[in-house]
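Chemist: Sequence and predicted model, in that order:
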Amino acid sequence: MIDIKLIREAREMVQEKARAKGVTIDVAKIAALDKQVRELQQKLDEMRALKNLVTSQIAKASPEDRKELIREAKKHDAAHDQKAAEFKEQAAALEVLLFTIPNLSTDDVKIGKDESEN
């Protein structure tokens, strides 16, 4: 599988090398999906940090406030689980697309129409 960093840094080169091997890939779609996955990961991290903050406040809260904080923590858990499911779905779709990209040839490899010309 091709490293996503290579696609981020050299989209055109990856697309050309795949095309030279007779494989058509949609680099723009892969880049867009990668961006979505990274944004979802960032959102999950923020949600996890917020939940940890609320959870740490529960121990310090008064009994009256504790119930409200527990309710808020459960709400954060539900939202996090929903976002995590979306993340897993998008990450799996990205991985499938990345597996369709062939190994890239080096610049010194002669490109022919078929195997007999190589």
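Modeler: Sure thing, it's come through.

Chemist: going forward, measure contacts between C-alpha atoms and count neighbours the same way
Modeler: OK.

Chemist: which residues of the protein score low on pLDDT?
Modeler: 112-118 (pLDDT under 70).

Chemist: So which residues of it form helices?
Modeler: Applying DSSP state H to the chain gives helices spanning 4-9, 11-20, 27-60, 63-99.

Chemist: buried set for the second one?
Modeler: Yep, that's helix 11-20 we're talking about. Residues 11, 14-15, 17-18, 20 are the ones in helix 11-20 that count as buried (16 or more other Cα atoms under 10 Å).

Chemist: Just name the closest of those residues to D107, please.
Modeler: Relative to D107, the closest of the buried residues of helix 11-20 is K17; by Cα to Cα it sits at 9.2 Å.

Chemist: In this structure the closest one contacts I101, no?
Modeler: No - using Cα atoms under 8 Å, K17 is not in contact with I101, being 9.6 Å away.

Chemist: returning to that earlier point: closest to V109 out of the helices of the chain?
Modeler: Of all these, it is helix 11-20 that lies closest to V109, at 10.6 Å by Cα to Cα.

Chemist: Report the angle between that closest one and helix 27-60.
Modeler: Here helix 11-20 runs at an angle of 130 degrees relative to helix 27-60 (axes from the mean of the first three to the mean of the last three Cα atoms, to 10 degrees).

Chemist: Output helix 11-20 as CSV - backbone C-alpha positions only.
Modeler: Only the C-alpha atoms of helix 11-20 are listed here, as CSV (Å, rounded to 0.1, in the frame of the first residue of the first chain):
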residue,chain,number,x,y,z
ARG,A,11,-0.3,13.7,-6.4
GLU,A,12,0.5,14.1,-10.1
MET,A,13,3.6,11.9,-9.9
VAL,A,14,1.6,9.1,-8.2
GLN,A,15,-1.2,9.4,-10.8
GLU,A,16,1.3,9.3,-13.7
LYS,A,17,3.2,6.3,-12.4
ALA,A,18,0.0,4.4,-11.9
ARG,A,19,-1.2,5.3,-15.3
ALA,A,20,2.1,4.1,-16.7
